[in-house]
Each structure stands twice: as C-alpha cells, then as structure tokens.
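In: predicted structure and sequence below. I'll ask about it afterward.
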Amino acid sequence: MNSVYQIYYVGISDFLDRIRSKSILIISLLMIYISYLFFPQNNTSIYYTLKYYLHGFFYRGVYNSVWLGWVATIAFISIVTLIGFYFVRNAINRERHFLIGEITASTPIKSWIFIFGKTFSSFLFLLLQMCVVILVTAIMQFVRGESYCFQPIKLITPFLILGVPACFITAVIAIIFETIPFLAKSLGNVIYFFVWSGILVVSMQGGAYSLTDVFGFSSAAQIILEQLKRNFKQFRNMNSFSLGTSGPLHNNVKTFMMNNVSVSGNVLFERCFWVLVGILLLILASMLFKRTYLAAGKRYTGIKSFMKEKTHNPQKGVVLSEIFEKRTYSNDFAIVKSEFKIMLSSANIWWYIAMFLCCICVFFTNGDSFYKVVIPAIWILPIFIWSRLGSIQMDFNMEEYLSTYKNYRSSQLLNSVAAGILFTIFINVTIIIKFVLLRNFEGAAYIFMGAIFVNALGIFIGNFAKSSTAFEITYIILWYVGITNGVSGLNFLGTTQQAASSHTPIVFLFIGIILTIASIIIKNRRMNNV
C-alpha cells in the first residue's frame, strides 16, 4: 500500500474515533462561546475582544466579513494553540489506554507512517474546530447586524493563511511531546504552558512579520493595526494592542470600514517556513519514537522463579473466620492517613528538594518576590498530586473492587478531600507561620480556603472528566491568571490587596463546597451503575 494512503487511513481512523468522545463536544462548545464573546455590542457590560484603546475610546472595525474574519482568526489561534494542544496530545496514549498498543506495535507499519498518521488525525481534529469558529463567526455577522454584505471568501481567507498552519504546528508539537518520555507525562502539560507563553512573548517582541512569530498571532494583529493607522491618524505611532477584558462600554466605540486587506509575501513565507519546520520535527520525532512506547507498561519477566506449585491435602482441615453481618469496620482517620501517605509517596526526591527550597525562601523574601514568585512556586509544584485526587482509583481500575466495601461510597471521597487539604496545609506551613508572625491572620485564613477550593476542584474534575489532564489545564490557567498575574477575580489566595479587600477567597471557598457536593452526587450515580 502506498505510504500516503497508510498515513491517511491511520489518521482518519483515529480521527473518527476521537469525534465519538465527549471531548469533541467540550472543545466545540468552548469555540462557540469564544466566537460569540469576541464580538460584543457597543453597550455591553464586559468588553472582551481584541482591543485598541486610545484617549477613552475603543477602536474597531465594522462587523463585516473582513473584520470578523481577521479578529476571529486571532481568537482561534490564541485558543487552539493552547487549549487545542491538551485535547490532541493523547494520540499515542490512546493506544495504551484502550489496550491495543501491543497489537499496533506488532503490525508491520513503519514508525514514521504511524507518527505522521497520528499527527494528521490531530490536525483534522483541530481543523474541525476551525470550521466551527468560521460557522459561528458568519452567524455573528447577521446577529450584530452592522453589515449584511456577506463575503465568505474574505471571511475564510485569514483562517486559511494563518489558522491552518497554526493547527498543523499545534498537532506537531503535541505529537513531539508524546514521543519524548518525560514530556508525555503530566509534566509536559505544565512545560507546554510556559513554552506557549514564551512563544507568544517572543512573537510580540520580534517586530512585524518576523520569523519568531511561530503561530501567526502577531502577523494577524499587525495587519489589523495597519488598517487602523490608515483610518485614524492618532494610531500612526502606536504598535501595541491587548487581548482580554475591559470595563463596561458606554457607546465609547469608534468604528471604521475594513474592506480590503493585502497580505504581504512575508506573511506567506513565514507560514510556509514554520510548516516546513513542523515536517522536519515530525521526521525527527519518527526517529526518536520506539514501538515499546505503545506497551501498556513493563512486566516483570522473572515472576516464575517466585511461583511454587502447591499440592492439595484433603486431610488438612480449613477453618474459616466468622462472618459479621451487622457490624461494619470503618476508620476514617486511618483512611485519611493512608491517602496522605499516598500523596507523600507519589513525589520524587527532586520535588521535595524544590519544595524545601521554596519553603526556606518564604522567610527570606518580601513584597513582590514573596507574593509573585515564592507563593506561586509553592502552589504550582503539587499540581500533579492534586490532579489525581479524583481519578486515581479509575486510573488503576480499582473503583469496582473498592465499591464492594460497604462504606466506600459514602466516605472515600470526603476522606480524599480531607487528606488533600491536610497535604496542602502541610506544604504551606511556612507561609502560614509567616502570616501569623506578621499578624496577617486574614492571609493565613485565605491559605486554608485556597486549600479547600483546590482539592475540591481536583476531586470534581477527576470525577467528572475521569482524567488528570482536565484539572491540569484548568488549574494552570487559573494559577497563571489569578495568582501569578494577580487578577483579583481569579486570585483564590487573596495575595493582592484588591483580591483580599473584595474577599475573593471566600467566594472560592463556597465554590469549593459546591464542587464537593457535586462530586459526591456524580460519584454516587456512577457507583450505582457499577
């Protein structure tokens, strides 16, 4: 069979299997919501879009096909290169998860065909999301009603020039992370977030139409900025923009008609360059990939030396213990203690060294270095432990076995939450001590509230999504925006004055309680079906 057909069949079969899962519904709903959010009305209470702000006014184009197409492309690239990565980085792991890795490894298919096929599957998955965004963007043109002249070619053009290469590059990075053993684990989720952030920073600092613009985000923004400079003289010396939220609008929006956009050859050359780099990286990944990665796990081959043949002695009596039907043995403290030991044993020596150094730094840092470096470091290191709180039993196929115990359904989840809270407080002891010494009792209380929320979030997402990846994605974004950048509405630790004065951690405490109750309901329903 031709190699191209082999790549096609590997990719299309994996793609068809992907779109049967619930992940396709989750990411599609996210894309629909983002597409709606990026085109607000002039009197909306929250302005979330691409922002060019000057002298008290927001500047944007009329909601026609051209403007909608370019802004939607920026929104799509910013989301698909981050969130999309986490949805497609399980292409190889799916073989192990469904216990068909050994079968795939035994087939005569070449490694490079397998890698290219899996990348093609991820690429198709992301392209499907791009089609969803295009469809919603076209609908939004008529919903906003500022221009009824629908031009599909001009709407789709920026997606074809920038969106398609961004999907391909994201698919390539995802497959590379899976072929490198230490990146294929949960650590890869955290590393990619910082890699993605670094790529965006470098892209924006690289200037107009620079090869450092990996995803094409900066190129799209520069094209729109050039249109603004042609229509508004005050933008001639402006080279910046922002992407995010603003306060309420009071019709302080100035618009212009954006009809014709000329895409320079430099932009096309950049996209072709990074597509070629992606193909070369795929070839390198094929060389690094080994079929043993598809195996579900290592098996001990020397087990026979420990097996002894036993003979049955019919004359030897067997005494069975008495069955107690009315008595149940339940020691919640012992269960919490065991859960706590599991959490401590799941980290390696390097994790403990890093955590110890961070705890020492607590007493030697103040101000921004304490609130923006040390505290965020302590609250990102345990992410791999929190992420498995609600899914560890399912990961090791132990839930059905444990469900035979009478008290498992009612107490296990609360015991896991309690153990997680104790573990979180344990690693934050130095922070709590410092707050108490500084008489910042409110800050110490907020640490306890944050511990309750994070563990409740881990339990809820683990039971709902049945995987640790979903929590890692959610928490990294929440940690980066709320704790590191100090956005008060998401700062569940209250490390900024604004977040503390608005009592944001108390809000997250109630959210944590609600998530715990929801987790109990979800787990009881699942266990009733066992």
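Out: Structure received.
In: going by C-alpha atoms from here, please, whenever you check contacts or count neighbours.
Out: Will do.
In: the stretch 101-250 of the chain: strands as residue ranges?
Out: 242-246 (DSSP state E, counting those that start in this stretch).
In: can you check the chain too?
Out: Under the criterion DSSP state E, the chain contains strands at 47-54, 57-61, 242-246, 253-256.
In: dump the residue contacts of residue 199.
Out: Contact partners of residue 199, counting by C-alpha atoms under 8 Å, 6 or more residues apart in numbering, are 212, 213, 214.
In: ranking these by neighbours, who comes first?
Out: Counting neighbours by other C-alpha atoms under 10 Å, residue 213 leads those with 24 neighbours.
In: number of nearby residues for residue 6?
Out: Quick note: residue 6 (other C-alpha under 10 Å) scores 17 neighbours.
In: roughly how far does it sit from residue 110?
Out: Computed as C-alpha to C-alpha, to the nearest Å, the residue 6 to residue 110 distance reads 10 Å.
In: how about residue 260?
Out: From residue 260 to residue 110 the distance is 47 Å (C-alpha to C-alpha).
In: and these two? Which one has more around it.
Out: More crowded of residue 260 and residue 110, by other C-alpha under 10 Å: residue 110, with 13 against 10.
In: tell me the contacts of the more buried one?
Out: Contacts of residue 110 by C-alpha under 8 Å, 6+ apart: none found.
In: how about residue 485: what's its closest non-neighbour residue?
Out: residue 372 (7.7 Å; C-alpha to C-alpha, 6 or more residues apart in numbering).
In: can you get me a residue count around that neighbour?
Out: Neighbour number of residue 372 under other C-alpha under 10 Å is 17.
In: now stretch 454-469: average pLDDT?
Out: Stretch 454-469 carries an average pLDDT of 84.
In: CA atoms only: put it into CSV for me.
Out: Extracted C-alpha coordinates of stretch 454-469, given in CSV (Å, rounded to 0.1, in the frame of the first residue of the first chain):
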residue,chain,number,x,y,z
VAL,A,454,-8.1,23.5,45.0
ASN,A,455,-8.7,20.0,46.4
ALA,A,456,-12.4,20.3,45.8
LEU,A,457,-11.7,21.3,42.2
GLY,A,458,-9.3,18.3,41.8
ILE,A,459,-11.9,15.9,43.1
PHE,A,460,-14.7,17.4,41.0
ILE,A,461,-12.8,17.4,37.7
GLY,A,462,-11.3,14.0,38.3
ASN,A,463,-14.8,12.5,38.9
PHE,A,464,-16.4,14.4,36.0
ALA,A,465,-13.7,14.1,33.3
LYS,A,466,-12.1,10.9,34.7
SER,A,467,-8.6,12.1,33.9
SER,A,468,-6.0,14.3,35.4
THR,A,469,-5.3,16.4,32.3
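In: list the buried ones in it?
Out: 454-464, 466-469 (16 or more other C-alpha atoms under 10 Å).
In: can you give the contact residues for it?
Out: Against stretch 454-469 from outside (C-alpha under 8 Å, 6+ apart): 86, 186, 189, 386-391, 394-395, 413, 417, 420-421, 470-471, 512-513, 515-516, 518-519, 522-523.
In: of these, grab the buried ones for ChimeraX.
Out: The command below creates a ChimeraX selection of those among the contacts of stretch 454-469 that count as buried (16+ other C-alpha under 10 Å):
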select :86,189,386,387,388,389,390,391,413,417,420,421,470,471,512,515,516,518,519,523
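In: so which of the contacts of stretch 454-469 are in helices?
Out: 86, 186, 189, 386, 394-395, 413, 417, 420-421, 470-471, 512-513, 515-516, 518-519, 522-523 (DSSP state H).
In: for residue 334, grab the count of nearby residues.
Out: Neighbourhood size, residue 334 [other C-alpha under 10 Å]: 11.
In: ditto for the one 3 residues further on
Out: Taking other C-alpha under 10 Å as the criterion, the count of residues near residue 337 is 16.
In: got a list of what it touches?
Out: residue 419.
In: make residue 1 into 38 and carry on from there
Out: With 38 as the first residue, the last one maps to residue 374.
In: so residue 145 versus residue 459, what's the distance?
Out: 51 Å.
In: grab the most central residue of this protein for me.
Out: residue 510 (2.3 Å; C-alpha atoms, centre = their mean).
In: pull the contacting residues for that one.
Out: Contacts of residue 510 by C-alpha under 8 Å, 6+ apart are 120, 123, 226.
In: from the residues you listed, which shows the smallest pLDDT?
Out: Comparing those by pLDDT, residue 226 comes last, at 83.
In: thought that one was touching residue 511?
Out: No - the pair residue 226 and residue 511 fails to qualify as a contact (C-alpha atoms under 8 Å) at a distance of 10.9 Å.
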